[in-house]
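1. Provide a 3D model corresponding to the input given below.
(chains A and B)
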Protein chains: 2
Amino acid sequence: MKNKIGLIQMKCSTNADENTRRAAEFVVEAGARGAEIVCLPEMYRTPYFCQNEDAATFDLAEPVPGPSTQALGEAARKAGVSVIIPIFERRAAGLYHNSAVLMDPKGEVQGLYRKMHIPDDPNFYEKYYFTPGDLGFKAFDTHAGRIGILICWDQWYPEAARLTAMRGAMSIFYPTAIGWHPSEKEEFGAAQRDAWRTVQRGHAIANGCYVAAVNRVGLEKPDPNQAGLEFWGTSFVCDPFGVVLAEASTDKEEILVVETDTRRVEDVRRNWPFWRDRRVDVFGELIRRFAD
Amino acid sequence: MKNKIGLIQMKCSTNADENTRRAAEFVVEAGARGAEIVCLPEMYRTPYFCQNEDAATFDLAEPVPGPSTQALGEAARKAGVSVIIPIFERRAAGLYHNSAVLMDPKGEVQGLYRKMHIPDDPNFYEKYYFTPGDLGFKAFDTHAGRIGILICWDQWYPEAARLTAMRGAMSIFYPTAIGWHPSEKEEFGAAQRDAWRTVQRGHAIANGCYVAAVNRVGLEKPDPNQAGLEFWGTSFVCDPFGVVLAEASTDKEEILVVETDTRRVEDVRRNWPFWRDRRVDVFGELIRRFAD
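-> Numbering: from 1, shown residues only, chains lettered A, B, ... in the order given. Below is the predicted model:
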């Protein structure tokens, strides 16, 4: 089965309604270019607010259903596509997640994934905002094939990709918000971007599935005294052998529409049959923190 | 702690004693160039005999201790280095493994790893020859730091790298015998080599450790009617961020001597602290074959 997937690499301003309106337009455009499922960047509706810890920021969260599912559900219906909408989810007072809602082409909520691995680093203070997901790793049947969703920090964990692929995902989407600290960019920027791409291509290879990473672009400075973060774009799709099929720029809004093919998954897995031989009899220690 | 590791990329002829003699020379040379631990390619003592299934081939297997540990133990002592010696291990009549012996700088056997993941593909008929390892994933303290050993097909399994790193390995060695089917090289060769390199660099990144892959070179045709296999060399070392520090050619014998630094491991893991956040509470399903 051949399908087309759409990746929306975009800037995210402080105007939530504008972000949603623009995202809806991009979804419709991707659909017009043939995409059957479209993925937005992590928390597309807001700036990457985790650069600071501020209780007032919880006002930016939204429930499911909410403004994003309503507006983008409409776009999904209009375009006849599935949409992956990464949101700042308000689940209850004092309980928030970094989530992604899957909308079907009728504009209905089909599923929900809550980011399992939550980072916390200077300017990425996510542990303050998000409770780690409690829905586990998931795959969903869509009209564009069976897909999985993981979010940003999850992308560094081979276990997350493996468990998602074990549920039958042929493509794994990684909505992301990753960027450079401006002071580090010159010295470490190229290696950071390359490590990010490489580890995800590795997941595609190890699991024999497509990987689609969807990042935002733009320099976001919460206030003039902060250096801010420069999101590095580079949204890409690689095939089950890790071959990069399309890759966006580091600094421009772009829509990628890329064909996936379950026959390619079949061929790669037949010829390099890693799934056949996993030593599951000795993998029990993977639930330990460390084997010391 | 800074250490130097040595990788021996070599051809392996049908003359076992000659292979061992040459390997011993390479070990001494790597030691003279500063290497403190030296790794040979998978089953360095023989051609890659798994291109055919032949019961007579079991004559090539050797016990531990045996000819390899004797000759290379002497080289280890002479050079004052540890040596990783990948062998075709005879454990008992009818029971063989694809193994690697770790020799200490006194020339004594320090440890043994038995390849856990055994492939079987056209011209790589390993399941005929080797019983899957029963020693699990291991790490060893050497005078060049704590290291792990995995062998060839293991390199495609994130679980193997993870479990080895969980045991404290700062560097993971992958003795390997991987090559092109000559008929596939033009169409698929570049992608195959790149997938091989990428997935291993991914292990380095995901685990924050050094990875050293050690492959053989040369075209090996067991008989004139077979196309044979062209081993693609490309032995390399990458650092805990996946940066390739040194990489050998696809077709020449080479010795790589590369510095590792536990401070680099420390820095990378501090700045991108993946170890902190693994969701071990939901990794239990990794012991399943598939989550269907």
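
2. In contact with residue A:60, which residues?
-> Residues near residue A:60 by C-beta atoms under 8 Å, 6 or more residues apart in numbering or on different chains: A:16, A:45-46, A:49, A:88. To be clear about C-beta, it is placed using only N, CA and C from the backbone, and glycine gets the same treatment.

3. As a check, name the ranges of all strands in the stretch 151-292 of chain A.
-> Secondary structure of the stretch 151-292 of chain A (DSSP state E, counting those that start in this stretch): strands located at A:171-175, A:179-180, A:210-214, A:217-220, A:229-232, A:236-238, A:244-247, A:254-261.

4. okay if I get those strands as CSV plus mean neighbour count and mean pLDDT?
-> Formatted as CSV, those follow (neighbours: other C-beta atoms under 10 Å in any protein chain shown; pLDDT from 0 to 100):
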stretch, mean neighbour count, mean pLDDT
strand A:171-175, 29, 98
strand A:179-180, 24, 96
strand A:210-214, 28, 98
strand A:217-220, 20, 98
strand A:229-232, 23, 98
strand A:236-238, 25, 98
strand A:244-247, 15, 98
strand A:254-261, 19, 98
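
5. Of the ones you listed, which is nearest residue B:263?
-> With C-beta to C-beta as the criterion, residue B:263 lies closest to strand A:179-180 of the strands of the stretch 151-292 of chain A, at 23.2 Å.

6. Tell me the helices and strands packed up against the closest one.
-> helix A:182-207, strand A:229-232 (3 or more C-beta pairs under 8 Å, 6 or more residues apart in numbering or on different chains; DSSP states H and E).

7. and residue A:180, what is it in contact with?
-> A:188-189, A:192, A:229-230, A:232.

8. Would you mind measuring from it to residue B:165?
-> The gap separating residue A:180 from residue B:165 is 27 Å, by C-beta to C-beta, to the nearest Å.

9. go on, residue A:233?
-> Taking C-beta to C-beta, one finds residue A:233 at 31 Å from residue B:165.

10. likewise residue A:120?
-> For residue A:120 relative to residue B:165 (C-beta to C-beta), the value is 22 Å.

11. what bridges to residue A:244?
-> residue A:238 (DSSP bridges).

12. from memory it sits against residue A:201, does it?
-> Yes: Residue A:244 lies in contact with residue A:201 (C-beta atoms under 8 Å); the separation is 7.2 Å.

13. Need the residues touching each of the two.
-> residue A:238.

14. and residue A:102, that one's in a strand?
-> Yes: using DSSP: H, G, I helix; E, B strand; the rest coil, the assignment for residue A:102 is a strand.

15. neighbours of residue A:99, just the number please.
-> 26 (other C-beta atoms under 10 Å in any protein chain shown).

16. Also residue A:143?
-> Using other C-beta under 10 Å, the number of residues around residue A:143 comes to 12.

17. excluding its backbone neighbours, what's nearest the closest residue to chain B within the stretch 101-250 of chain A?
-> The nearest approach of the stretch 101-250 of chain A to chain B comes at residue A:202, 2.4 Å away (C-beta to the nearest C-beta). Distance criterion C-beta to C-beta, 6 or more residues apart in numbering or on different chains; nearest residue to residue A:202, sequence neighbours excluded, is residue B:202 at 2.4 Å.

18. who's in contact with that neighbour?
-> Residue B:202 is in contact with A:158, A:198-199, A:201-203, A:205-206, B:158, B:242, counting by C-beta under 8 Å, 6+ apart.

19. What is the most widely separated pair among those residues?
-> The span of the contacts of residue B:202, defined through C-beta to C-beta, is set by A:206 and B:242 at 14.5 Å.

20. how close does residue A:78 sit to residue A:153?
-> Distance from residue A:78 to residue A:153, by C-beta to C-beta: 33 Å.

21. the more surrounded of those two?
-> For the pair residue A:78 and residue A:153, the greater number of neighbours falls to residue A:153 (26 against 14), based on other C-beta under 10 Å.

22. From residue A:164, how far out is that one?
-> 14 Å.

23. ok, now residue A:220?
-> Residue A:220 sits 29 Å away from residue A:164, going by C-beta to C-beta.

24. do the same with residue A:100
-> 12 Å.

25. Show me the common contact partners of those two, please.
-> When contacts are counted by C-beta under 8 Å, 6+ apart, the set common to residue A:100 and residue A:164 consists of residue A:149.

26. Can you give me every residue that contacts residue A:143?
-> Residue A:143 neighbours (C-beta under 8 Å, 6+ apart): A:36-37, A:82, A:104-105.

27. Among those residues, name the ones in strands.
-> Within the contacts of residue A:143, residues falling in strands by DSSP state E are A:37, A:82.

28. Save the contacts of residue A:143 as a markdown table, and put in distance to chain B, pLDDT and neighbour count too.
-> A markdown table is the format used below for those (distance: C-beta to the nearest C-beta, whole Å; pLDDT from 0 to 100; neighbours: other C-beta atoms under 10 Å in any protein chain shown):
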| residue | distance to chain B | pLDDT | neighbour count |
| --- | --- | --- | --- |
| A:36 | 24 | 98 | 22 |
| A:37 | 21 | 98 | 29 |
| A:82 | 22 | 98 | 28 |
| A:104 | 22 | 98 | 19 |
| A:105 | 26 | 98 | 21 |
